[in-house]
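Asks: Sequence isn't available, so here's the structure alone:
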C-alpha cells in the first residue's frame, strides 16, 4: 500500500514533480498547514509579498520572463480576493499561473465563516478553470491537471481552492501526466495540412502590399517562435509590425520593422495596416486598441490569422484564411514548404513590393515618434531614449505600469529578444510593473531589470519594495514623475475641455526619502544635463533603486488613433490637437 | 442625449439576429451549470431557455440544451467559447427551423373550471399529446408536449378557460433518423 500523505504534503509533492522552484505568496489562517510544510521542501523557495496582488503580479513577471508557469499561494477570503486582479490580468494577457488558495474547513463552507468567500465563484470568470477540492484523494490529480490547463493551448491562470481540513487529511499521491489528452480547452489538436500551407504561400506570392502583424502568441510559443518569425520575415522581405505584447519577438531596430501598431503605434505601422492588400496576423487577437473602428479596419486586404485559440478567430474581424495552431509549429512547416518551392523569393519579389516600400518610406518620413526636446526640462520620451541607449548593451528586462509612460516605453525602447518586455496590456493594471519586476529578477538573477513607471501607478503596489529589499533583488524603479495620472490628464485635455478632474496627485511622497525608508537607494534627476549620469549611477548600484525622474508635466503621448477611427486617421502631435471633433471624443 | 465620452469604440454594423439551439455535453460536476451560465452572462449572450439533466449515469455526463439568440458572429463565439471550458465534451449547434431536428418543450397547466370548461380545454390541447395528470371536480392539471410557439399560443388560449398556473421546461432537441450529434 502506498504511503499516505497529508494534503499539505501532496501540494508540495505535486509542486516538486512539476519542477516548481519559486512560489509567491502570503500566509493566513486557511493555508497554515501548507505553510507549515514549506520547511520540509528545500528545492522550493517561497517569496513573501506584501499584498496578494503583488504576489500575483510577481508570479506573472516570473512566468513571462522565464516561460515557466508562475505559482501563487494565498489564504482564503481576502487573500483570494486580493489575488483576483492579478488572475484577471494573467487571463487577459494569456500568462500561465497556478494559484493555490486556502479555504475554510469543508464543514464551514456556506456558513459565512471567518475569512470565507466563494473563491471558485469569484474567480470563475478570470481563470481558465478552477477547482474546489472536496476529497484529499482528488488533490494530486487536480493539481497536475491545473498545471496542464494553465500551460497548454492558450496559456492562462487556474486556481485550486483547498479547504483547511483537506490540507490535514491523509490521502494517496500520484503523478498524473497529460490527463487532458484530446480535450478541447482551446488546445490546438488541429493538424496543419499542406493545402492550408499552400493557400498561405499563394497569398504571400500574390501580394504586392503585404504586412506581418504579430502579437503575444509569438512570445508565448517560446523563443523558437521568434527565431522562425525572423527567418520568415527575412525570406519574404515583407514589413512587420507588432502589438504591445509582441514586442521583442522581432528586433526593434531592424529596417523591416515598422514599430508598434495600434492606438499609440507609429504612423507607418498603422497606415500600412490600413492600406495593405495582405495582412498576416500571427499570434495577435485583433484587439480594439489595434483595430479602431472595425467597419473601416484595413478595408482592402486579405487577412490570414494564425492563433492557438479557436475562439480568437473571427471574434472581432473576419479573416480569409484561419489557421488554428501554435506559432512555432505553424512557422516551422510554413518555412519548410515555402523554401521548397520558392528559392530566392526575396530578390525575385523585390520589384512587386518596391512601390509599397516606397510608400512606407514616405510614411516613415513623418517621424511620428518625434517630440520637441528641451534642455531645461526632462521630456519623458527623452528619458526613455536615454535609458535605452545606456542599457542596450546588456541583457535588460523592462516591465511597466500602465499609462503614458507605458506607451513611451513601448515606442522608444527597442527590444531585440523575446521575454524581455513585461507589460499589462489586456487588463491595463496600474501597479503591475513593480511586483512584476520582482518576479522577473527572481527568474533572471544578475540581469538588469527596470520598471519604467509612472508615479501614480507605482504607488498602487509600492509596498512590494519591501519584498525587493528582503530578497536583495536589485530592481530599478524608473519613475517618470509628472505628478499627474498622465494618460487620464491627456484625455481630459484633449476631450474634456481641460477639466483635470481628480487626475493630479497633490501630496506625493518624496520618492528619494521613500526609497531610503525601505532601505533601498533613491536617486532624483531634475534636468536633462544630469540625466545620463544619474541613470548610470542607477545601473551601477547593486541594490534596489527608486529613480525619481522629474519630467515635463504637460507632455502628451503621440501619435494616437482615437479608438473608433480607422488607422489612417492618426493624430501626430500637439499641432493637430484642434482637429478632434465631438465624434472623436467618444473614441478614446 | 449628451455625447458619450466612453473609453471604448463605437459599435460597428450589427448582423441579423438568429435563434439557435445549442446542445452541450458536460461533466456533471459541481459548478458546471454556473460555468455555462456565467459564460453567457459574462459575455453578454442571451439565454432564452435552458434544459439540463444527466444523461449518462456511469460517466456522469449531463446534456444541456440552450436556446439563444444572436448574430451569426455571436453564435459562433458561443460555440467556440463553450468548447474551451474544461468540463465541456462537445457542442452541437442548430438553427431554429432546421428540418431534420426535433424540438420539444413540456408544459403543465393548472386550470380551474366546471366540467364544461374542462372539456373545452381538452379539445384545445388535443393536438399536443395531452395527458391529464390530476383531476378534481373543479380543477385539472394537464401536460402537453409541443414546440415553444405552440405552447405560447396554448397558454394564451387557455387563459379565458381558467388557466391559473403554468410550468414549462426549456426546449430539448434531437436529430431525426439514425444520425446522432457528434
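Replies: Nice, I can see it. The structure displayed is predicted, hence computed values, not measured ones.

Asks: Only C-alpha atoms from now on, for both contacts and neighbour counts.
Replies: Fine.

Asks: Packing partners of the lowest-mean-pLDDT helix or strand in chain B?
Replies: Ranked by mean pLDDT, DSSP states H and E, the weakest helix or strand in chain B is helix B:115-125, scoring a mean of 89. For helix B:115-125, the contact count by 3 or more Cα pairs under 8 Å, 6 or more residues apart in numbering or on different chains; DSSP states H and E identifies strand B:139-146, helix B:148-159 as packing neighbours.

Asks: and residue 132, how many neighbours?
Replies: Using chain A here. Counted with other Cα atoms under 10 Å in any protein chain shown, the neighbours of residue A:132 add up to 21.

Asks: wrong chain, I was asking about chain B
Replies: For residue B:132, the neighbour count with other Cα under 10 Å is 13.

Asks: didn't it look like it was pressed against residue B:139?
Replies: No: Residue B:132 lies out of contact with residue B:139 (Cα atoms under 8 Å); the separation is 10.7 Å.

Asks: hang on, the earlier thing: which positions within the least confident helix or strand of chain B qualify as buried?
Replies: By 16 or more other Cα atoms under 10 Å in any protein chain shown, the buried positions in helix B:115-125 come out as B:117-118, B:121-122, B:125.

Asks: Quick one: distance of the helix or strand that comes right after that helix to the chain centre.
Replies: Sequence-wise, the next helix or strand downstream of helix B:115-125 (DSSP states H and E) is strand B:131-135. Averaged C-alpha coordinates place strand B:131-135 at 24 Å from its chain's average position (Cα atoms, centre = their mean, to the nearest Å).

Asks: got the angle between strand B:131-135 and helix B:115-125?
Replies: Counting by axes from the mean of the first three to the mean of the last three Cα atoms, to 10 degrees, strand B:131-135 lies at 160 degrees to helix B:115-125.

Asks: Name every strand pairing with strand B:131-135 and say which way it goes.
Replies: The strands that strand B:131-135 pairs with in its sheet are strand B:139-146 (antiparallel) (by DSSP bridges).

Asks: any idea how chain A splits into domains?
Replies: A:5-171, A:194-364, A:380-557 (automatic domain parsing).

Asks: can you tell me if the shortest one touches chain B.
Replies: Yes: using Cα under 8 Å from any Cα of the partner chain, domain A:5-171 reaches chain B at A:124-125, A:128-129.

Asks: Start and end of that domain, how far apart?
Replies: Domain A:5-171 has its terminal residues 5 Å apart, counting by Cα to Cα, to the nearest Å.

Asks: One more: the last one?
Replies: The straight-line separation of the ends of domain A:380-557 (Cα to Cα) is 10 Å.

Asks: and it, how far out from the chain's middle?
Replies: Distance of domain A:380-557 from the chain centroid (Cα atoms, centre = their mean) equals 16 Å.

Asks: So which bits of stretch A:328-344 are buried?
Replies: Neighbour-count burial for stretch A:328-344 [16+ other Cα under 10 Å]: A:328, A:330-332, A:334-335, A:338.

Asks: helix or strand for residue B:90, which one?
Replies: If you go by DSSP H and E, residue B:90 is part of strand B:88-95.

Asks: Neighbouring strands of that strand in the sheet, and parallel or not?
Replies: strand B:18-27 (antiparallel).

Asks: What is the longest strand of chain B by residue count?
Replies: For chain B, the longest strand by residue count, based on DSSP state E, is strand B:101-112.

Asks: Look at whichever residue of chain B sits closest to chain A and say how many residues are nearby.
Replies: With Cα to the nearest Cα, the shortest gap between chain B and chain A falls at residue B:84, namely 4.0 Å. Burial of residue B:84 is recorded as 23 neighbouring residues (other Cα under 10 Å).

Asks: got the angle for the longest strand of chain B vs strand B:139-146?
Replies: Using the same axes, to 10 degrees, one finds that strand B:101-112 and strand B:139-146 are set 170 degrees apart in direction.

Asks: tell me what strand B:101-112 is packed against?
Replies: By 3+ Cα pairs under 8 Å, 6+ apart, strand B:101-112 packs against strand B:139-146, helix B:148-159, strand B:163-168, strand B:172-175.

Asks: Can you select the buried ones from the residues of domain A:5-171 next to chain B in PyMOL?
Replies: Buried subset of the residues of domain A:5-171 next to chain B, written as a PyMOL selection, criterion 16+ other Cα under 10 Å:
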select buried, chain A and resi 124+125+128+129
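
Asks: now, which of the residues of domain A:5-171 next to chain B lie within strands?
Replies: residue A:129.

Asks: And the strands in the stretch 1-150 of chain A?
Replies: Assigned by DSSP state E, counting those that start in this stretch, the stretch 1-150 of chain A shows strands spanning A:5-6, A:22-25, A:45-48, A:70-74, A:97-103, A:129-132.

Asks: which one of these lies closest to residue B:150?
Replies: Minimum separation from residue B:150 across those (Cα to Cα) falls at strand A:129-132, 39.7 Å.

Asks: how far is that closest one from where the chain is centred?
Replies: In terms of Cα atoms, centre = their mean, the centre of strand A:129-132 is set 24 Å apart from its chain centre.

Asks: pLDDT (mean, whole number) over it?
Replies: Taken as a whole, strand A:129-132 has a mean pLDDT of 97.

Asks: Okay, now the sheet partners of that strand, with direction.
Replies: Sheet pairing for strand A:129-132, assigned by DSSP bridges, gives strand A:157-163 (parallel).

Asks: quick check: mean pLDDT across the strand it pairs with?
Replies: Averaging pLDDT along strand A:157-163 yields 98.

Asks: Give me the helices and strands touching the helix or strand that that strand is followed by, please.
Replies: Note on strand A:157-163: by DSSP H and E, the next helix or strand toward the C-terminus is helix A:164-168. Applying 3+ Cα pairs under 8 Å, 6+ apart, one finds that helix A:164-168 contacts strand A:5-6, helix A:7-17, helix A:32-37.

Asks: want to try TSV for the ones you listed, with mean neighbour count, distance to residue A:524 and mean pLDDT as columns?
Replies: Shown next, in TSV, are the helices and strands packed on helix A:164-168 (neighbours: other Cα atoms under 10 Å in any protein chain shown; distance: least, Cα to Cα, whole Å; pLDDT from 0 to 100):
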stretch	mean neighbour count	distance to residue A:524	mean pLDDT
strand A:5-6	20	52	97
helix A:7-17	21	42	98
helix A:32-37	18	40	98
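
Asks: and of these, who's closest to residue B:93?
Replies: Of all the helices and strands packed on helix A:164-168, helix A:7-17 sits nearest to residue B:93, with 39.0 Å by Cα to Cα.
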